[in-house]
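*Asks:* coordinates only, sequence not included:
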DNA sequence: TTATTATACTACAAAGTGTTTATTAGGCTC
DNA sequence: GAGCCTAATAAACACTTTGTAGTATAATAA
C-alpha cells in the first residue's frame, strides 16, 4: 500500500528509486546497523530532509520496500490467473515466482537472502502459508492417501518453511539451478508430505 | 567462544547477566532498532561505559549471544552422545533440543522467533545442516528406496529449512505441542523425503 | 592483607536524528 | 507557453547516541 494511484509525480518516483538503489547499494558494502539516513541521502545524491518527506525512518523504509515486494509478486500471481491456461496450476505459479525472483535477483539476494533483514522473508512466508492453506482447503480430503497423519498446522509450517528456506539457500548460492528445475524439485519434495496433514489431536 | 575458562570473576558474570536480561527485557517492549547502549545500560543498572568493556557495540553483543546459544545446544548434544543410550539417535537428539528450547522458551522466543534478529536462526540453520549432512554421509545409500531423486543440496536445504521453520512457528505460536509430540511429527515428515536425495545433475 | 581488576563517574568530540523555516526548481494543468 | 502547485533543497536547531578518555572506588582473587 505504499504506492497508491495518485502517486505519479515523476520527481517522487525518481527520488524513491534513488533511495532504493542507494540502500541496495549500501547493503552490499556495509552492515544494516551502519546504514544511516545520512549515508543513504549522501549515496542517493538527495538532501537528507527529502528522505523524511518519504519515510519516517530507515525501518519504515524497509517496511515499505517489503510491501512493494509482496505487491510485485501478487502482480505476477494475478498475471497467471488471468491467463487462459489453468492447466497444472501448482507448477506455473512456482515457476513464475522463481523466474520473477531470478530476474530481480540482485534485489532479492540482498533483501531476501541477506542474513540481516528478516522482514522480507517473513512477508513471503505469510504469502506461501496463504497459498498452501487455501490450496489444502480446496483439496479433496476424502481419500486418506497416506498412512502418515500430521496435524494440519505443523504440516503447513513444515511445507512453507521448506519452500522459503530452499529459495533463500538457492539465492545465497547464486542460483545454481534454473527456476524450472528448482520448481520441479520443490514440487516433488512437497508432494511427498502434502497429503499427510489432517486435523488430529496431539497425543 | 565468548566465555572462556579464565572468566570466573563474579563481577563479570553478574554484569553479563544483567546486560543479557536487560536486552531480552527491552526486546519484548520495543523494536530492535530502538534499542541503544544507553537504554541497555540504564535497564541493566550499569554504567554505559561498562557495556563497552564487554562488547564493541550492540551487534557485537548479539553475535556473542548467538555464540552462547549454539554452545549451549552443543552441550546438550554432547550430553546425549556421552550417555550409554545410542538407540534411535534421531529421536533423542531432536527431543532433547526441543526440550532445551522449551525450557528456555522466553530466551528463544525473543531471539529465535523474533522477526527481527535473523542471526540466531541462521546459526541454528548451520547446525542443523551440519547434522543432516553428516547423517546422510553415514547413511547407507546402496538401496535406492525411493523412485524420487533430488539433488543432495536441494534436499538438505529443504529439510533443514523445514526443521528450523517449524520450530520457529512452534515458538511463535507459544508451543501448542509438547516437545516429544513435535519431535515425532518432524521425524515422520522428514523421513518422507530424506531418502530422496542423490547426487544428480540438473537437467 | 595486599595486589589486582572490574566498575563507576565525569567529560569530551563527533556523528546522527528529527523538525522547522524559507527558498529554489521542476512538473502538471489549462 | 503561462501560471499554479508541489517536490526538493538549504541552513539551522535542539537533542540523542556513540565511542573513548582519565581518574577514583569497590569488589575479587591470591
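*Replies:* Right, received. Where do you want to start? Only a predicted model underlies this, so the values are computations on that prediction, with no experimental measurement involved.
*Asks:* what residues does chain A put near DNA strand C?
*Replies:* By Cβ under 7 Å from any atom of the strand, the residues of chain A that approach DNA strand C are A:8-11, A:14, A:36-39, A:48-49, A:52, A:56-58. All C-beta atoms are positioned from the backbone trio N, CA, C, and that covers glycine.
*Asks:* I'd like to know how far residue A:184 sits from residue B:196.
*Replies:* 13 Å (Cβ to Cβ, to the nearest Å).
*Asks:* on that earlier part again, what subset of the residues of chain A next to DNA strand C is buried?
*Replies:* Buried members of the residues of chain A next to DNA strand C, counted by 16 or more other Cβ atoms under 10 Å in any protein chain shown: A:37, A:39, A:58.
*Asks:* Return the closest of the residues of chain A next to DNA strand C with respect to residue A:83.
*Replies:* Closest approach to residue A:83 among the residues of chain A next to DNA strand C (Cβ to Cβ): residue A:8, at 27.9 Å.
*Asks:* Can you tell me the SS state at the closest one?
*Replies:* Of the three states, residue A:8 takes coil under DSSP: H, G, I helix; E, B strand; the rest coil.
*Asks:* Identify the residues contacting it.
*Replies:* For residue A:8, the contact set (Cβ atoms under 8 Å, 6 or more residues apart in numbering or on different chains) is empty.
*Asks:* pLDDT value on it, please?
*Replies:* Looking at residue A:8, its pLDDT reads 81.
*Asks:* show me where chain A has strands.
*Replies:* Secondary structure of chain A (DSSP state E): strands at A:150-151, A:197-198.
*Asks:* In terms of mean pLDDT, which of those strands ranks lowest?
*Replies:* strand A:197-198 (a mean of 60).
*Asks:* Geometric centre of chain A: which residue is closest?
*Replies:* Residue closest to the mean C-alpha point of chain A, counted by Cα atoms, centre = their mean, is residue A:124 at 3.6 Å.
*Asks:* so who does that residue touch?
*Replies:* A:69, A:70, A:73, A:112, A:164, A:167.
*Asks:* Next, count neighbours for the last one.
*Replies:* The number of residues packed near residue A:167 is 26, by other Cβ atoms under 10 Å in any protein chain shown.
*Asks:* Just list the residues touching it, thanks.
*Replies:* Here residue A:167 is in contact with A:98, A:101, A:112, A:124, A:182 (Cβ under 8 Å, 6+ apart).
*Asks:* What of residue A:74?
*Replies:* residue A:127.
*Asks:* Could you measure from it over to residue A:135?
*Replies:* 16 Å.
*Asks:* Tell me the one among the buried ones among the residues of chain A next to DNA strand C nearest to residue B:21.
*Replies:* residue A:58 (27.4 Å).
*Asks:* can you tell me how far that closest one sits from residue A:189?
*Replies:* Distance from residue A:58 to residue A:189, by Cβ to Cβ: 37 Å.
*Asks:* and residue A:97, what does it touch?
*Replies:* A:73, A:76, A:77.
*Asks:* Looking at the contacts of residue A:167, which are in helices?
*Replies:* A:98, A:101, A:124, A:182 (DSSP state H).
*Asks:* Flag the shaky bits of chain A, pLDDT-wise.
*Replies:* Chain A contains residues with pLDDT under 70 at A:1-7, A:84-90, A:139-148, A:197-203.
*Asks:* Give me the domain ranges for it.
*Replies:* As given by automatic domain parsing, the domain ranges for chain A are A:1-55, A:58-198.
*Asks:* Need the winner for burial among those.
*Replies:* domain A:58-198 (a mean of 17; mean count of other Cβ atoms under 10 Å in any protein chain shown).
*Asks:* quick one: which of the buried ones among the residues of chain A next to DNA strand C is nearest to DNA strand C?
*Replies:* Within those, the smallest distance to DNA strand C is 3.6 Å, found for residue A:37 (Cβ to the nearest atom of the strand).
*Asks:* Spatially, what comes nearest to the closest one if we skip its sequence neighbours?
*Replies:* residue A:51 (5.3 Å; Cβ to Cβ, 6 or more residues apart in numbering or on different chains).
*Asks:* Residue A:38 is in contact with that neighbour, correct?
*Replies:* No. Contact criterion Cβ atoms under 8 Å: residue A:51 and residue A:38 do not qualify, at 9.2 Å.
*Asks:* now check the top helix by length along chain A, is it near DNA strand D?
*Replies:* As assigned by DSSP H, the longest helix anywhere in chain A is helix A:58-82. No. Legend: contact between helix A:58-82 and DNA strand D by Cβ under 7 Å from any atom of the strand is lacking; minimum distance shown is 13.0 Å.
*Asks:* List the contacts of residue A:182.
*Replies:* So residue A:182 contacts A:98, A:166, A:167, A:170, B:154 (Cβ under 8 Å, 6+ apart).
*Asks:* go on, residue A:154?
*Replies:* A:197, B:166, B:170, B:177, B:182, B:185, B:186, B:189.
*Asks:* same check, this time on residue A:137
*Replies:* Contacts for residue A:137 (Cβ under 8 Å, 6+ apart) come out as none.
*Asks:* How about residue A:33, nearest residue that isn't a chain neighbour?
*Replies:* Residue A:33 sits nearest to residue B:59 (Cβ to Cβ, 6+ apart), 5.0 Å away.
*Asks:* returning to that earlier point: which member of the ones in helices among the contacts of residue A:167 is positioned nearest residue A:63?
*Replies:* Distances from residue A:63 to the ones in helices among the contacts of residue A:167, taken by Cβ to Cβ, are shortest for residue A:124, at 14.2 Å.
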